[in-house]
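Chemist: 3D, please:
(3 chains, ligands or ions: 3)
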Amino acid sequence: MRIFLMQRWSAVALLVFLTLHMVVVHYPPGHIDVSRVLERLDNPLWKAIDIAFLVAVLTHALTGAYMVITDVQRFNVYKRALAWVGVVAGVLLFIYGTQTILAF
Amino acid sequence: MYRSTGFIAFVLRRLTGVALVIYLLLHMWVIGGINGGAETFNERMEFLGKPFFRLLEIGLLAAVVYHGVDGIRLLIGHYFQVTEYRRGLFYAVIVVSGILVIAGGVPILLFALE
Amino acid sequence: MATNGSVPTVTIRIQRFNPDVDKKPYLQEFQVKAPPGKTILDALHEIKEEQDGSVTFRRSCRHAICGSCAMNVNGKHMLVCDAPLREHLDRKGVLTLRPLAYLPIIKDLVVDRSSFWEQYQRVKPWLIPPENIPEKEFRMSPAEVAALRDAEHCIMCGACYSSCQVIALTKQYIGPHALLKAFLRVLDPRDSAPAARLADLDRGDGVYRCHTIFNCIDACPKGLNPTEAIETLRKLVIKRQAFEAARAERQRRLDQPIEVVGEAPALSGGE
Ligand code: HEM
Ligand code: SF4
Ligand code: FES
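Modeler: Numbering: from 1, shown residues only, chains lettered A, B, ... in the order given. Ligands and ions are numbered 1, 2, ... in the order given. Have a look, this model is predicted:
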């Protein structure tokens, strides 16, 4: 249940964040260089939004990948190990991503 | 294999989902270039600026849009009794995604061909 | 359809497999007459009696109620005893019969449904009545009966189970048939253990393994809707304690005339 619900709420959050992200960051398409990102991320609110986005997307991606793998009977026996791999990967990626966002 | 619109939707959702996870890791690595200084960041960005990657981006856009719109369809299914319209909803997802991809893809294409 | 006099002849391709001799299944063609009103099961009987006695299939009631004759006809699951031969021909006028998918083949069109039945047992498909049963008849409101009516029509044919893409991936998933049965018991006002039933479904291989593919609705020969039942169960799983409390309250007046008319979820929607 926990994984299912995590995937749903993160899906809803992504719907909001991803739309925002596509419109603000990638539209109109153009060459992105540091200055353009720096300008936006100067605002702490944007930093907070990006970190929330990161949490949602990592939750969604990792629960999704976990679902895809554990759906297969042969791999389902490893579900405990896979869940831990997911948690660890999530924490590491969160640290790496947050570091990136704060570096700007 | 029991073929149906639901089956096609499921396969597309899985493929786009997995592709997006792989992309996400790549994306984080590229942006993470900033940790190595503005130089590294711009270098990695430059690399992705090639027209080839620009065109791949349209595929990426298609994957995100399809996956997202299909996700909305599933979320609707959780809260409303819409199984009767399952085929229509699937076609609606295809049409809506198609429109969004064209709307977003044309500017990318123009930019790539610049 | 080649016409022979007034009665056309059609080609039926049957997937054959005898585990003792064959390495893998193959298709064998037969020709049968197709007068109006003849069912696919009639044709199978004819082939077995007149052309090849080794053709193997299951059937019992011939009235679309035992569920044993479910198989795949030109890509769709159906009860062949209830399927007129002429109505299901493909564009070339051919019928291709295969066993139910994703299950081990015992011989020809007969599959091993043990996993189907094991999962069915898992939901305790029987009614668990309250402890102090009144010595009177139980009364249910029309809405309460209507909510159960569709789920009650399941004949355990296995068509939904063998069309489900998740079952194709894992037999650990409980399956649409078992969840539909669980729905039937959980929503029955006479059942006294909905919370325990729902707790058992609150697992990775229970109600959350469904990926809303809708194949079960497409496949069900009775036009039932396991997907909607699963969606209902998912909501009830979360609030099962409150649901059980309401059930206990409801059961205190099982023998009394009904004045409550709650809105019941309708479970139709298949075609
Ligand atoms: C627009 C926002 C998005 C929405 C509304 C959304 C919605 C959903 C939903 C509802 C599911 C559940 C499917 C199921 O249980 O069968 C799902 C699965 C999944 N999503 Fe997303 N998603 C979005 C964006 C993303 C992104 C950006 C990624 C990649 C990082 C992603 C990766 C996945 C994966 C890997 C799965 C598992 C595939 C599966 O279960 O079939 N999603 N998504
Ligand atoms: S729900 Fe329909 S398809 Fe599934 S076992 Fe029951 S009658 Fe057969
Ligand atoms: S023979 Fe009983 S359902 Fe077809």
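Chemist: quick one: the helices in chain A, in order.
Modeler: A:2-26, A:34-41, A:44-70, A:73-76, A:79-103 (DSSP state H).
Chemist: chain A contacts on chain B?
Modeler: By Cβ under 8 Å from any Cβ of the partner chain, the residues of chain B that approach chain A are B:14, B:17-18, B:20-21, B:24-25, B:28, B:31-32, B:34-35, B:38, B:41-42, B:45, B:49, B:54, B:57, B:64, B:68, B:71-72, B:75, B:78, B:104, B:107-108, B:111. Every residue, glycine included, has its C-beta placed from N, CA and C.
Chemist: same check on chain C?
Modeler: So chain C meets chain A at C:166, C:169-172, C:202, C:204-205, C:208-209, C:211, C:234, C:237-238 (Cβ under 8 Å from any Cβ).
Chemist: could these go into CSV alongside pLDDT and secondary structure?
Modeler: Formatted as CSV, these follow (pLDDT from 0 to 100; DSSP: H, G, I helix; E, B strand; the rest coil):
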residue, pLDDT, secondary structure
C:V166, 96, helix
C:L169, 96, helix
C:T170, 96, coil
C:K171, 96, coil
C:Q172, 95, coil
C:D202, 94, coil
C:G204, 87, coil
C:D205, 92, coil
C:Y208, 95, helix
C:R209, 95, helix
C:H211, 96, coil
C:R234, 94, helix
C:V237, 95, helix
C:I238, 93, helix
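Chemist: widest-spaced pair of those?
Modeler: Within the residues of chain C next to chain A, C:K171 and C:I238 form the most distant pair, 26.4 Å apart (Cβ to Cβ).
Chemist: so where's chain A uncertain?
Modeler: A:1, A:27-34 (pLDDT under 70).
Chemist: try 50 this time
Modeler: The model of chain A has no residue with pLDDT under 50.
Chemist: residue in it with the shortest distance to ligand 1?
Modeler: A:G64 (2.5 Å; Cβ to the nearest ligand atom).
Chemist: and that residue, what does it touch?
Modeler: A:7, B:17, B:21 (Cβ atoms under 8 Å, 6 or more residues apart in numbering or on different chains).
Chemist: ok, of those residues, which come out buried?
Modeler: By neighbour count, with 16 or more other Cβ atoms under 10 Å in any protein chain shown, the contacts of A:G64 hold A:7, B:17, B:21 as buried.
Chemist: which of those lies closest to chain C?
Modeler: Nearest to chain C among the buried ones among the contacts of A:G64 is A:Q7, at 9.5 Å by Cβ to the nearest Cβ.
Chemist: A:V25 and B:A63, how far apart?
Modeler: 17 Å (Cβ to Cβ, to the nearest Å).
Chemist: quick one: closest of the helices of chain A to ligand 2.
Modeler: Ranking the helices of chain A by proximity to ligand 2 (Cβ to the nearest ligand atom) places helix A:73-76 first, at 20.9 Å.
Chemist: the closest one near chain C anywhere?
Modeler: Yes. Judged by Cβ under 8 Å from any Cβ, helix A:73-76 and chain C are in contact via A:73, A:76.
Chemist: list of residues touching that helix?
Modeler: For helix A:73-76, contacts defined as Cβ under 8 Å, 6+ apart pick out A:69-70, A:82, C:169-172, C:205.
Chemist: what is the nearest of those to B:F90?
Modeler: Closest to B:F90, out of all of the contacts of helix A:73-76 and judged by Cβ to Cβ, is C:L169, at 20.7 Å.
Chemist: for that closest one, what are its contacts?
Modeler: C:L169 neighbours (Cβ under 8 Å, 6+ apart): A:71-73.
Chemist: all strands of chain C, in order?
Modeler: C:2-4, C:7-16, C:26-33, C:70-73, C:76-79, C:94-98, C:105-107, C:110-111 (DSSP state E).
Chemist: other SSEs contacting the third one?
Modeler: With contacts taken as 3 or more Cβ pairs under 8 Å, 6 or more residues apart in numbering or on different chains; DSSP states H and E, strand C:26-33 sits against strand C:7-16.
Chemist: show me what the strand it packs on is packed up against.
Modeler: strand C:2-4, strand C:26-33, helix C:40-46, strand C:94-98.
Chemist: farthest residue from the center of chain A?
Modeler: A:R74 (27.7 Å; Cα atoms, centre = their mean).
Chemist: okay, A:V25 and B:A63: which has more neighbours?
Modeler: B:A63 (20 against 13; other Cβ atoms under 10 Å in any protein chain shown).
Chemist: name the element the more buried one belongs to?
Modeler: Counting by DSSP states H and E, the element that carries B:A63 is helix B:51-79.
Chemist: count of residues packed around the residue lying closest to C:Y208 once chain neighbours are set aside?
Modeler: Closest residue to C:Y208 apart from its sequence neighbours, by Cβ to Cβ, 6 or more residues apart in numbering or on different chains: A:F4 at 4.2 Å. For A:F4, the count of nearby residues is 17 (other Cβ under 10 Å).
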